[in-house]
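Q: only geometry, no sequence info:
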């Protein structure tokens with residue numbers, strides 16, 4: 001069978017089922033708006049998997065009420081395990097040919113699913129990426145994000161994978177609609193912030209064809225004070241988790257991507273590792289992980305064409321005894337962005 005026809009035997013009919021995974025935890029204020037935006041899609045053949053991750057507010061009751069009203073909704077109640085744990089549960093229960101993720105405090109435009117599925121089918125794509133509008137807590141648009149191309153663009157999946165690893169395209173899982181098989185065997189890392197960085201690239205590594213970029217704001221991303229992205233709490237832990245994810249991307253890219261992509265990813269990874277050393281004490285697991293990574297990659301640091309000389313010096317000093325203390329005590333030589 002020709003590569004271009006590789007998907008024709010995997011259950012793709014005129015009205016293919018799409019699985020929509022919605023992880024839920026204490027979002028009763030926004031949940032109805034989220035669910036209504038999914039149920040009102042012009043594309044109706046969906047299984048909507050609501051994973052209630054141990055909510056302590058009225059979210060669980062809302063899920064059950066909606067499930068009684070619409071047979072397309074499946075509700076799973078579980079003990080609280082975090083966003084990754086909830087998404088992983090949804091992945092295990094999906095049965096659709098296509099797959100989408102919607103966070104429970106966000107909303108989607110009415111034609112999101114129909115537009116994406118039509119493109120996936122007609123152009124034999126692996127995934128379709130869209131842009132997002134930013135809404136405030138009252139649902140009012142206040143901005144936009146994730147603009148990549150001015151016109152609809154199709155790129156080989158390998159090219160998009162390299163763009164993700166080079167961080168020129170974000171890893172946010174919810175801005176895409178995928179062929180479900182791309183997520184077979186993939187799990188989000190439980191207990192980590194910014195879990196998409198460690199996960200989405202793995203789905204793209206399984207793709208065989210192309211990815212479409214649709215320059216339309218089809219996803220409505222809500223900015224709220226309690227969200228992970230705006231929260232000032234646990235900043236050191238968040239930086240460490242970003243480092244762990246970037247390290248995974250680097251280790252994969254080293255064997256599967258172009259040298260230019262690997263170099264950019266490596267630069268991002270060691271820069272984040274340096275922030276870990278400056279933010280955390282040397283008796284922590286995070287400090288040890290970042291320190292050992294920098295120390296192991298000293299030769300690559302010296303050869304790097306992306307890292308500036310001052311940054312190379314800073315990183316090498318950090319591998320010496322009390323190196324991070326020295327860097328902080330001499331006036332933060334390289335600049336404040338590494339020690340915020």
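A: Thanks, I have it. Since we're looking at a predicted model, the values are computed, not measured.
Q: helix or strand for residue 57, which one?
A: Assigned by DSSP states H and E, residue 57 belongs to no helix or strand.
Q: same question but for residue 167, I mixed them up
A: Using DSSP H and E, no helix or strand contains residue 167.
Q: that one against residue 264, yeah?
A: Yes. Assessed by Cβ atoms under 8 Å, residue 167 is found in contact with residue 264 at 7.2 Å. The way it works is simple: take the backbone N, C-alpha and C, and place the C-beta from them, glycine included.
Q: so the two - more neighbours on which side?
A: Counted by other Cβ atoms under 10 Å, residue 167 and residue 264 do not tie: residue 264 has more neighbours, with 20 against 16.
Q: show me the contacts for that one.
A: By Cβ atoms under 8 Å, 6 or more residues apart in numbering, the contact set of residue 264 is 165, 166, 167, 306.
Q: which of those has the most neighbours?
A: Within the contacts of residue 264, residue 165 tops the neighbour count with 28 neighbours, counted by other Cβ under 10 Å.
Q: and that one, what does it touch?
A: Shown in contact with residue 165 (Cβ under 8 Å, 6+ apart): 201, 249, 250, 252, 253, 257, 261, 262, 264, 265.
Q: which secondary structure element is home to the nearest residue to the first one once chain neighbours are set aside?
A: Here the nearest residue to residue 201 in space, its sequence neighbours aside, is residue 164; by Cβ to Cβ, 6 or more residues apart in numbering that works out to 5.0 Å. Under the assignment given by DSSP H and E, the secondary-structure element containing residue 164 is helix 157-165.
Q: on that earlier part again, I'd say the residue nearest to residue 201 and residue 200 touch.
A: Yes. Counting by Cβ under 8 Å, residue 164 touches residue 200, with 6.5 Å between them.
Q: now do the shared contacts for those two.
A: With contacts taken as Cβ under 8 Å, 6+ apart, residue 164 and residue 200 have residue 171 as neighbours in common.
Q: could you list the low-pLDDT ranges of this protein?
A: Applying pLDDT under 70 to the chain flags the ranges 1-14, 226-233, 321-340.
Q: identify the residues contacting the residue most central in space within the chain.
A: The centre of the chain sits closest to residue 196, judged by Cα atoms, centre = their mean, with a distance of 2.6 Å. Neighbouring residues of residue 196 by Cβ under 8 Å, 6+ apart: 171, 172, 173, 188.
Q: nearest to residue 105, out of the residues you listed: which one, please.
A: Set against residue 105, the nearest of these by Cβ to Cβ is residue 172 (14.0 Å).
Q: leaving out sequence neighbours, find the closest residue to the closest one.
A: Once flanking residues are discounted, residue 172 sits nearest to residue 196: 5.5 Å by Cβ to Cβ, 6+ apart.
Q: next, the buried residues of the longest strand belonging to the chain.
A: Taking DSSP state E as the criterion, the chain has its longest strand at strand 210-222. For strand 210-222, burial by neighbour count (16 or more other Cβ atoms under 10 Å) applies to 210, 211, 212, 213, 214, 217, 218, 219, 220, 221, 222.
Q: how about the strands in this structure?
A: Using DSSP E, the strands of the chain run over 18-24, 46-53, 73-78, 98-101, 107-108, 127-135, 141-145, 153-156, 176-179, 210-222.
Q: adding distance to residue 84, write those out as CSV.
A: Formatted as CSV, the strands of the chain follow (distance: least, Cβ to Cβ, whole Å):
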stretch, distance to residue 84
strand 18-24, 9
strand 46-53, 10
strand 73-78, 13
strand 98-101, 12
strand 107-108, 21
strand 127-135, 20
strand 141-145, 22
strand 153-156, 28
strand 176-179, 17
strand 210-222, 19
